[in-house]
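Q: Structure for the following, please:
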Amino acid sequence: MLEVSSLKLYYQVRGGIVRAVDSIDFNLDKGQTIAIVGESGCGKSSTANAVLRLLPRNVNTYSGKVVLDGRELMEMKNDEFRREIAWKSISMVFQGAMNSLNPVLKVGDQVAEPLIVHNNATKNEANQRMTEVLQLVHLPDSVAQRYPHELSGGMKQRAVIAMALIASPKVVILDEPTSALDVITQANIMNTLKTLRIELGLSYIFITHDLALASELADGVAVMYGGKIVEYGAAEGMYASPKHPYTEKLLESVPTLRTDKKLGFIPGSPPDLFNPPPGCRFQPRCPSAMPICGQEPPVIEVDGHRVLCWLYAKR
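A: Reported below is the predicted structural model:
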């Protein structure tokens, strides 16, 4: 349903050009969830902004292909994209619910607003739909008359999810929707997202740095590092048998309940996207680095995974 290929998003800043998203590819089918995981600063949120075309003024390069149901979105003008695609077909739950809500407007008005702006609905039509969507995310009708500061963290997050669903999109981008929430609230939000996906036939792009959380929702996993997707494949295979050294190290750092394993860590720091290392960007931190890793690695198909690594090319 959604095909992203050769997507690039570079920012121009005073220090140079930041290669936030550097030629990535992934696909999303109807009713499927793909998780984009990786360390902070690897380009996950920039990928979401690139797909939904939420671009700041300092964009240096924005190119590639984003195809939704056979329609090339990158060729559309900005006004056309906002009128026909934004929120109607693709919507987003932003990181940090409190930052997404206007503190001086009632929650119900904010949830209904996208329907008025993007669907030209009347206020009565928007309010009726708003009530339906609040029920979908298990919020009482009284929430519509409250201000954001009167809601708990979990209720604010559900209100933001309702805003993303109000115009009945096909694809919802979830940018760390459970960050800053306690474990019980996280579990409740994840259960709500699972139910909504089944009931409404939604497709999710789930952005997170929490591998354990991604395993709850994801059908496929794309592992990002330094602006590139270094491994992409089915979630079950990714967790059971990771291929890229970075994915292996990430999984080593996750504690488990039923096995007594020694926790691992990744030495060093993430790459500087102003001046990324040549070739494989994980090379300076990789325990399996070889001289050839100084060259750009190819994409290799290994057991159903797409892996950006010279190890498998040499084999």
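Q: contacts, neighbours, all on C-alpha from now
A: Will do.
Q: Tell me which stretches of the stretch 151-300 of the chain form strands.
A: Using DSSP state E, counting those that start in this stretch, the strands assigned to the stretch 151-300 of the chain run over residues 171-175, 203-208, 220-225, 228-234, 299-302.
Q: Out of those strands, flag the one nearest Ile161.
A: Closest to Ile161 of the strands of the stretch 151-300 of the chain is strand 171-175 (CA to CA; 8.8 Å).
Q: the inter-axis angle of that closest one versus strand 203-208?
A: Angle between the axes of strand 171-175 and strand 203-208 is 10 degrees (criterion: axes from the mean of the first three to the mean of the last three CA atoms, to 10 degrees).
Q: thinking again about what came up before, need the strands of the stretch 151-300 of the chain in a markdown table with distance to Ala240, can you?
A: Below are the strands of the stretch 151-300 of the chain laid out as a markdown table (distance: least, CA to CA, whole Å):
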| stretch | distance to Ala240 |
| --- | --- |
| strand 171-175 | 24 |
| strand 203-208 | 19 |
| strand 220-225 | 12 |
| strand 228-234 | 10 |
| strand 299-302 | 14 |
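Q: Indicate which one of these is closest to Leu115.
A: strand 171-175 (15.6 Å).
Q: list the helices and strands that closest one packs on?
A: Applying 3 or more CA pairs under 8 Å, 6 or more residues apart in numbering; DSSP states H and E, we find strand 171-175 packed against helix 44-52, strand 90-93, strand 203-208.
Q: angle of the longest one against strand 228-234?
A: So that's helix 44-52. Using the same axes, to 10 degrees, helix 44-52 lies at 80 degrees relative to strand 228-234.
Q: just the strands of the stretch 151-300 of the chain: most buried one?
A: Mean neighbour count (mean count of other CA atoms under 10 Å) peaks for strand 220-225 among those, with a mean of 26.
Q: average pLDDT across that strand?
A: The average pLDDT within strand 220-225 is 92.
Q: So what touches that strand?
A: Residues from elsewhere that reach strand 220-225 (CA atoms under 8 Å, 6 or more residues apart in numbering): 26, 33-39, 42-44, 229-235, 238, 247, 270, 281-282.
Q: Please pick the buried ones from those residues.
A: Buried by 16 or more other CA atoms under 10 Å: 26, 33-39, 42-44, 229-233, 235, 238, 247, 270, 281-282, out of those.
Q: Low-confidence ranges, the stretch 201-315 of the chain, go.
A: Applying pLDDT under 70 to the stretch 201-315 of the chain picks out residues 314-315.
Q: Now do the helices in it.
A: Assigned by DSSP state H, counting those that start in this stretch, the stretch 201-315 of the chain shows helices spanning 211-217, 235-240, 245-252, 310-314.
Q: These into a markdown table, with extra columns for distance to Met290?
A: Shown next, in a markdown table, are the helices of the stretch 201-315 of the chain (distance: least, CA to CA, whole Å):
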| stretch | distance to Met290 |
| --- | --- |
| helix 211-217 | 28 |
| helix 235-240 | 24 |
| helix 245-252 | 12 |
| helix 310-314 | 8 |
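Q: Tell me which of the ones you listed is the most buried.
A: helix 245-252 comes out most buried of those by mean count of other CA under 10 Å, with a mean of 19.
Q: could you dump that one to PDB, C-alpha only?
A: Provided in PDB are the C-alpha atoms of helix 245-252 (Å, rounded to 0.1, in the frame of the first residue of the first chain):
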ATOM      1  CA  PRO A 245      26.200  -6.500  13.700                       C
ATOM      2  CA  TYR A 246      24.400  -3.400  14.800                       C
ATOM      3  CA  THR A 247      21.100  -5.300  15.200                       C
ATOM      4  CA  GLU A 248      22.900  -8.000  17.100                       C
ATOM      5  CA  LYS A 249      24.400  -5.500  19.500                       C
ATOM      6  CA  LEU A 250      21.000  -3.800  20.000                       C
ATOM      7  CA  LEU A 251      19.400  -7.000  21.000                       C
ATOM      8  CA  GLU A 252      22.300  -7.900  23.300                       C
END
